[in-house]
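[1] sequence first, then the predicted structure, then my questions.
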Amino acid sequence: MPTTDPALSAVEPSSTHVPNATPTPIPPVDVAPVTGLPAGTDGYPWWNDTVFYQVFVRSFYDSNSDGIGDIQGLIAKLDYLNDGDPNTTVDLGVTGIWLLPIHPSPSYHGYDVTDYYAVNTDYGSLDDFKQLLAEAHKRGIRVIIDLVLNHTSSQHPWFVASQDPNSPYRDWYVWSTTDPGQAGWRRADTGDYYYGFFWEGMPDLNYTDPDVTTEMENVVRFWMQEVGVDGFRLDAAKYLIEEGTLIQNSDSTHEWYKAFHPFYKSLDSQALTVGEVWDLSPTAAEYSQGDQLDLTFDFDLAKSFIVALRTGRSEEVAGRLARDHALFKPGQYAVFLSNHDMNRVMSQLAANEDKARSGATLLLTAPGVPFIYYGEEIGMLGKKPDEDIRTPMQWSAEVNAGFTTGTPWRAVNPDFAERSVAVQSANPDSLLSHYRALIRLRNQHAALRVGDLFIVETNQPSVFVSLRASTDEAVLVIVNLGKDPISDYRLSLASGPLAVGGAYRAVSLLGAGPFARLTVNDQGGFDAYRPIPTLLANGSLIIQLQTED
């Protein structure tokens, strides 16, 4: 969700498409099931086998030289994300895409929707989008889209009609004839007041009116059954229904999601919802602990990742991982480093690529479902304002970073000559190559996707170690977050999942060996293990533990 910004009202409309103000029920449509996409491992849902890539279509790739990224441009770059061949190593290897809003909107970001049943004409047509889905599914990529439930644009025909007190749309929004004198209330041209928490251009929908719920269910049915999306990221999920002065995480909001869950699952039992609940982990977990949403983003963990990377100390992220892994349902939370509302990771890390590499290791070996913000894999820079953390993707050293042959909607970062897909693809030691290797390992090893988590104790504050163990595999992850090599270190796990009294060969999945043999203690863990003499500065090791015959 973009931050409240009155200046957004000056942004030129990005689409001239205006929908009919009358809601039209969308009948169920029989759609052939998607084939060729893998089922979940060890009884987990399919999304636990997925690495998602977050795409801002406007900034990804421009196919028609108008300076704006579009759906055909995304189709042209799908092979970069996943070419459909599991044996190649030139693609990124992601198997999920989350698209920021694709609906018509008067703003560049799209979070103030004017038509929920259409595609922004800047990006293309509904047929273009259906082609994108078909091409993505052929490559084993599932696609979820942003669903902005909390509010519409003030230019949406529903809201325009609602300004008439006698309109049937009046109760679709929260109106008052007098000023309630509280934050979020806006004065309309009519002299009445409406509630719009984020900005005057985004009036909140009123979900105490059942017609609003019915209409948004129609929207969901349309995109799932007629178009064929695989799920939704729910924007501003915690703000749905206010209760007096309580504007977030209300009981009414939770009850609405409890009713929404069986509805969307009745359309497709495999559909995914992931909620933006930007809050403390215990609060975010409430939405995914029961039958409300499938996943919520773990913002506390994202913060802990960055703290660990910036300070070079592991205790913050180790503690947070342990707490949150127990807090959420097993693996049912979304992990990330940054997104479209945050300064980019590389900027938060002062352009330190070594730290960015460690961040990639922490993210892609963590439990949960990882999300990568576009350009993160090549170390794109960007600090607020929001437009500057959503700049065009840097494909090459060509003019405009290879994003467009026209004039880009937003200037590309000036470092595109050295930070681009083309440059880093040619370098096996690049950040992009590191991301590719990690995603490939996660795709190949069940322990990294659905394995249980054991935090391993160390005697060095800069060393983070975890053991991931699935039904048939155990993998040890070691990250030296510090800027210096470390030789005086020991790894201990008081109790764990390993075969008591056994011994394991340590085989490299990432990083150089050879590694010392690991002996299991009488509680299934290990004591004072030292796999190699020295851990490299900002180095990552991923070791598969194989039982000795």
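    Yep, that arrived. Residues are numbered from 1 along each chain as shown.
[2] ok, now how distant is the nearest residue to Asp235 once chain neighbours are set aside from Met202?
    Once flanking residues are discounted, Asp235 sits nearest to Val148: 4.7 Å by C-beta to C-beta, 6 or more residues apart in numbering. All C-beta spots, glycine's among them, are computed from the backbone N, C-alpha and C. Using C-beta to C-beta, to the nearest Å, one obtains 9 Å as the distance from Val148 to Met202.
[3] mind listing the shared neighbours of those two?
    By C-beta atoms under 8 Å, 6 or more residues apart in numbering, Val148 and Met202 have these common neighbours: 111-112.
[4] returning to what we had before: quick one: residues contacting the residue nearest to Asp235.
    Taking C-beta under 8 Å, 6+ apart as the contact definition, Val148 lies against 101, 103, 111-113, 235-236.
[5] next one: Ile71
    Taking C-beta under 8 Å, 6+ apart as the test, what Ile71 contacts is 57, 102, 119, 123-124, 128-129, 131-132.
[6] list buried residues within these.
    By neighbour count, with 16 or more other C-beta atoms under 10 Å, the contacts of Ile71 hold 57, 102, 119, 123-124, 128-129, 132 as buried.
[7] any chance of the residues you listed in CSV, with pLDDT and distance to His325 too?
    Compiled in CSV, the buried ones among the contacts of Ile71 are given as follows (pLDDT from 0 to 100; distance: C-beta to C-beta, whole Å):
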residue, pLDDT, distance to His325
Val57, 98, 33
Ile102, 98, 33
Val119, 98, 38
Tyr123, 98, 38
Gly124, 98, 41
Asp128, 98, 40
Phe129, 98, 36
Leu132, 98, 34
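[8] out of those, which are inside strands?
    In strands, defined here by DSSP state E, there are no members of the buried ones among the contacts of Ile71.
[9] out of those, the closest to Gly196 would be?
    Ile102 (22.3 Å; C-beta to C-beta).
[10] for that closest one, give me phi and psi.
    The phi/psi pair for Ile102 (degrees, to the nearest 10) reads phi -110, psi 0.
[11] ok, back up a step: any idea which of the buried ones among the contacts of Ile71 is closest to Tyr257?
    Ile102 (23.0 Å).
[12] closest one to Tyr504 out of the contacts of Val148, please.
    Asp235 (45.3 Å).
[13] where do the helices of the stretch 101-250 of the chain begin and end?
    126-138, 157-162, 210-221 (DSSP state H, counting those that start in this stretch).
[14] again with the stretch 301-450 of the chain
    So, for the stretch 301-450 of the chain - with DSSP H, counting those that start in this stretch - the helices run 315-327, 345-348, 353-364, 421-425, 431-444, 446-450.
[15] which strands or helices does the longest one pack on?
    By that I understand helix 431-444. Contact here means 3 or more C-beta pairs under 8 Å, 6 or more residues apart in numbering; DSSP states H and E; on that basis helix 431-444 packs against helix 353-364, helix 421-425, helix 446-450, strand 503-510.
[16] now swap in the fourth one and tell me
    In terms of contacts (3+ C-beta pairs under 8 Å, 6+ apart), helix 421-425 is packed against helix 431-444.
[17] how near is the residue sitting nearest the centre point of the chain to Gln54?
    The residue lying closest to the centre of the chain (C-alpha atoms, centre = their mean) is Phe371, at 3.8 Å. From Phe371 over to Gln54 the distance is 6 Å, taken as C-beta to C-beta.
[18] overlap of the contact sets of these two?
    98, 339.
[19] is the residue nearest to the centre of the chain bridged to anything, and to what?
    Phe52, Phe336 (DSSP bridges).
[20] quick one: residues contacting it.
    Contacts of Phe371 by C-beta under 8 Å, 6+ apart are 52-54, 98, 297, 334-336, 339.
[21] swap in 6 Å and give it another go.
    Neighbouring residues of Phe371 by C-beta atoms under 6 Å, 6 or more residues apart in numbering: 52, 54, 334, 336.
[22] neighbour-wise, give me the winner out of those residues.
    Counting neighbours by other C-beta atoms under 10 Å, Ala334 leads the contacts of Phe371 with 27 neighbours.
[23] hang on, it packs against Gly275?
    No: the pair Ala334 / Gly275 is not scored as a contact, 8.8 Å apart, by C-beta atoms under 6 Å.
[24] and Thr253, how many residues sit next to it?
    24.
[25] so it sits against Leu240, correct?
    Yes: counting by C-beta under 6 Å, Thr253 touches Leu240, with 4.4 Å between them.
[26] fine by me, thanks again.
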